[in-house]
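Participant: sequence and computational prediction follow.
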Amino acid sequence: MPTQVLDVRPIAPTSPPPPSTARHRAGFWIVAFTLVVAMAFSTAPTPLWALYRQRDHFSTTMVTVAFAAYAVGVVVSLFLAGHVSDWLGRRRVLLPAVLLEVVAALVFLLSPDLPGLVLARVVTGFGIGMITATATAHLGELHAVARPDDPPLRAGLVATAANLGGLAVGPLVAGVLAQYVDGKLTVPYLLFLVLLVGSAVGLALVPETVRGAAPGHPYRPQRVAVPATDRIRYFAVAGAAFGLFAILGLFTSLAPSFLAALGQSSPALAGLAAFGVFGAATVAQLVLGRMAPARQLGIGIPATALGVTVLAAGVLLSSPGGFLLGGLVAGGGAGVLLKGSLGTAALLAPRHARAEAVAGVFLTAYVGLALPVLGLGFASRLGVPLASSLVGFAGLVLAVMAVVAATLRRHPARPARPG
């Protein structure tokens, strides 16, 4: 799942002088590759959920519980360990985090029953929560050393493409493998196991960009802080994050079930659906990422609302094409909306509290990732048809977007606060 992190921290002044620019250039691409692989692994189970259901006969509710376990792992990791690389060092956090992903892949392979799936998803979340923030910061620092005369924009673009692009690639690769090879529930994890181990080997060669912690460095969890001013606007963008993550959660958990209900049970198509959503989000961020956050919000909210409307209509009209088209539009809207929400939260807070403000948005976002999808699962358990439950889901997201848009209109952006 998506855990894109807006890097609001300055590069640590304790960065050591590099032994060679070439090592930092190579290290930059090793970290980018690792980020792609880790994010792809986190969404790889998407087209496989329906296959687990067929094999083990567990309910849609259990699929959503296994999915939500990932969100729990990410949140715990983000707030307990996502920031510790600031003083422990980037590589010293990235390497153990990737090894956690290796452990998760082994659990998928060795314990493929429901408890094993839940455990593997929690462990995956632990690793991803550490990887996203740390890899984003590491890319910026490696780029600053390798190409000191270049603007930092390139590192940010690579981080965005690796993060969201990885989320897009994972379901596509797993879906194609599940469609065309034997060992549908093992070969995808074997592939990612090899890639993760290779990434860990590569990370061992990447230069460290932050010195080790001073003796007695105090540990504290990541704090969450609401800006003292413009709080209503801050709560509005947090609500937007809730709504857009709900859409991403839908396509990484129950999209295969909705497609199967429309007569399309192909794992490759399920993977393609998630690929389209995250691919559209990636393109939207890359194309519109330099806009002011207020303009990004102005584009992202209606695009997201339109996409949700189209995908719900696709299900009601038994149109797989409509469902997929709605996902593309909603994904593009969600991508630019996420960028605008994080940028707005950072601008509303003073520089020393920006990380805490962004953390609050992510907390709300991951509630949105898990809670509505769990609601769909429990609605299924109560006998509510999938089409009806999706209409309710779409109504929830549309209501959230309407409230967010009205709130932002009543409380327009103020001039950016000084650093």
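Facilitator: That came through, no problem. Nothing here was measured: the structure is a model prediction, and the numbers come from that model. Numbers count the residues shown, from 1 in each chain.

Participant: how close does Phe108 get to Gly116?
Facilitator: 7 Å (CB to CB, to the nearest Å). Yep, even glycine has a C-beta here, placed from its N, CA and C like the rest.

Participant: quickly list what's touching both of those two.
Facilitator: By CB atoms under 8 Å, 6 or more residues apart in numbering, Phe108 and Gly116 have no common neighbours.

Participant: ok, the two, which is more surrounded?
Facilitator: Phe108 (27 against 15; other CB atoms under 10 Å).

Participant: tell me which element that one falls in.
Facilitator: Using DSSP states H and E, Phe108 sits in helix 90-110.

Participant: which elements pack onto that helix?
Facilitator: Helix 90-110 is packed against helix 21-43, helix 85-88, helix 114-146, helix 187-203, with contacts defined by 3 or more CB pairs under 8 Å, 6 or more residues apart in numbering; DSSP states H and E.

Participant: can you name every helix or strand that the shortest one contacts?
Facilitator: It stands for helix 85-88. Secondary-structure packing of helix 85-88 (3+ CB pairs under 8 Å, 6+ apart): helix 90-110, helix 114-146.

Participant: also the longest one?
Facilitator: With contacts taken as 3+ CB pairs under 8 Å, 6+ apart, helix 114-146 sits against helix 21-43, helix 60-80, helix 85-88, helix 90-110, helix 153-180.

Participant: worst mean pLDDT among these?
Facilitator: For the helices and strands packed on helix 114-146, the weakest mean pLDDT is recorded on helix 85-88, namely a mean of 85.

Participant: mind picking out the helix or strand in this structure with the poorest mean pLDDT?
Facilitator: helix 85-88 (a mean of 85; mean pLDDT, DSSP states H and E).

Participant: could you list the alpha-carbon positions for that helix in PDB?
Facilitator: What follows is helix 85-88, C-alpha atoms only, in PDB (Å, rounded to 0.1, in the frame of the first residue of the first chain):
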ATOM      1  CA  SER A  85      17.100   6.800  10.400                       C
ATOM      2  CA  ASP A  86      17.600  10.500  11.100                       C
ATOM      3  CA  TRP A  87      20.100   9.600  13.800                       C
ATOM      4  CA  LEU A  88      20.800   5.900  13.300                       C
END
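
Participant: quick check: Arg90 touching Glu208?
Facilitator: Yes - using CB atoms under 8 Å, Arg90 is in contact with Glu208, at 6.6 Å.

Participant: higher neighbour count, the two?
Facilitator: Under the neighbour definition other CB under 10 Å, Arg90 and Glu208 were set side by side, and Arg90 has more, 29 against 17.

Participant: give the contact list for that one.
Facilitator: Arg90 sits next to 134-135, 137-138, 141, 208-210 when contact means CB under 8 Å, 6+ apart.
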